[in-house]
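Novice: structure of the sequence below:
(2 chains)
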Amino acid sequence: MGVLKEKDRQKLIGVFKDIQKDVRMVMFTQETECQHCEMTRMMLEEVSGLSDKLSLEVHDFAAEADLAKKYGVDKIPAIVLLGDRDYGIRFYGVPAGYEFNVLIQDIMDVGKRNPGLSKEVMTELAKVDQPVHMQVLISPT
Amino acid sequence: MASDHITADMVEGSEFSFLAVKYNVHGVPHTVINEEHSIVGAESEMEFARGVLKAIGK
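Specialist: Sure, this is the predicted structure:
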């Protein structure tokens, strides 16, 4: 019994056809998985199986603390989305409800190597010349 | 992705409630920028981009 409904699986397979370049999902959990970690891992295992362009690595937050530190991961469950490089995209917590759509959208943006923002917004963001760390707090819907 | 200077965390507030408390989050989405600035609610992409610039004094 999967986490995703069959009709959602089919829909995602269609959506993922537009992924042009590989997307790596690096997940951190722990040996004795918390409920949220297990749920996240199961979701990602299903999602990553829906496209050849998607891959998933599951790491142990405690046993691989150095790797977690390298990615700046300080809590779990954590998902790092990577393309040709690290764009600084992280998800903390189960990507359920509306956040699942955000995860899929981010996978598509990374898969297209294009954040999908207007030229005007890109011009504004090009003015950023110092580190900006955004934490978007959301709740499941 | 739009800037090499920007990193973005999506944080599930009910799982990490200590962060929701730390940042005084009462409604979502609530975006915390560099620990000290906040953008509350959903804004257009342009408004959001300007909010980010404002947070770094631009």
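Novice: flag every buried residue along stretch A:31-40.
Specialist: For stretch A:31-40, the neighbour count (16 or more other CB atoms under 10 Å in any protein chain shown) marks A:33, A:36-37, A:39-40 as buried. C-beta coordinates here come from the backbone N, C-alpha and C atoms, glycine included.
Novice: what does stretch B:39-49 give?
Specialist: So stretch B:39-49, judged by 16+ other CB under 10 Å, has buried residues B:39-40, B:45, B:48-49.
Novice: so which of those reach chain A?
Specialist: When contact is defined as CB under 8 Å from any CB of the partner chain, the buried residues of stretch B:39-49 meet chain A at B:45, B:49.
Novice: in a markdown table, list the buried residues of stretch B:39-49 along with pLDDT and secondary structure.
Specialist: Formatted as a markdown table, those follow (pLDDT from 0 to 100; DSSP: H, G, I helix; E, B strand; the rest coil):
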| residue | pLDDT | secondary structure |
| --- | --- | --- |
| B:39 | 96 | strand |
| B:40 | 94 | strand |
| B:45 | 96 | helix |
| B:48 | 96 | helix |
| B:49 | 97 | helix |
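Novice: beta partners of the residue of chain B found nearest chain A?
Specialist: Among all residues of chain B, residue B:12 sits closest to chain A, at 2.5 Å; criterion: CB to the nearest CB. Under DSSP bridges, the beta-bridge partners of residue B:12 are residue A:138.
Novice: so what's it up against?
Specialist: Residue B:12 is in contact with A:92-95, A:99, A:138-140, counting by CB atoms under 8 Å, 6 or more residues apart in numbering or on different chains.
Novice: sweet, I'm off.
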